[in-house]
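Student: Quick one, structure for this:
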Amino acid sequence: MSRKSMQSQAPVLPESARGRLLTVEQAAERLNTSVRFPRRLIEERRITFVHVGRNVRIPEAALEAFIAAGLVEPIITTRRRRTA
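Tutor: So this is what the prediction gives:
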């Protein structure tokens, strides 16, 4: 196989798997949780992760997407004053 044909067969990573790869410990620190929480997210396939040999890494973009998906905007209401 030529070098050019090998390069063209490289898998194209989705946007959520690109960028910096975080360890489970780093992801837990970023989420301000125990290490068990990101491990559970991985086990339940609720977050994108990458196997690097025997190690598991979470792409920073996937963690950002997970946080953004859980974002709840406040409800803004106006109170009406009762007139006496």
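
Student: C-alpha from now on. contacts and neighbour counts both.
Tutor: Noted.

Student: OK, contacts around residue 41?
Tutor: The contact partners of residue 41, taken as CA atoms under 8 Å, 6 or more residues apart in numbering, are residue 47.

Student: where does it land on pLDDT?
Tutor: Residue 41 is assigned 97 on the pLDDT scale.

Student: Same check on the one 10 residues further on?
Tutor: Taken from the predicted model, the pLDDT recorded for residue 51 is 94.

Student: In three-state terms, how would it be classified?
Tutor: strand (DSSP: H, G, I helix; E, B strand; the rest coil).

Student: Might one say that it is in contact with residue 57?
Tutor: Yes. Between residue 51 and residue 57 there is a contact under CA atoms under 8 Å: 6.4 Å.

Student: Comparing those two, which residue is more hemmed in?
Tutor: Taking neighbours as other CA atoms under 10 Å, residue 51 and residue 57 compare with residue 57 leading, 21 against 9.

Student: Tell me the buried residues in the strand or helix carrying residue 28?
Tutor: Element membership for residue 28, per DSSP states H and E: helix 24-31. Neighbour-count burial for helix 24-31 flags 24-28 (criterion: 16 or more other CA atoms under 10 Å).

Student: Any chance of TSV for these, columns pLDDT and distance to residue 42?
Tutor: Formatted as TSV, those follow (pLDDT from 0 to 100; distance: CA to CA, whole Å):
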residue	pLDDT	distance to residue 42
24	97	9
25	98	13
26	97	14
27	97	11
28	98	12
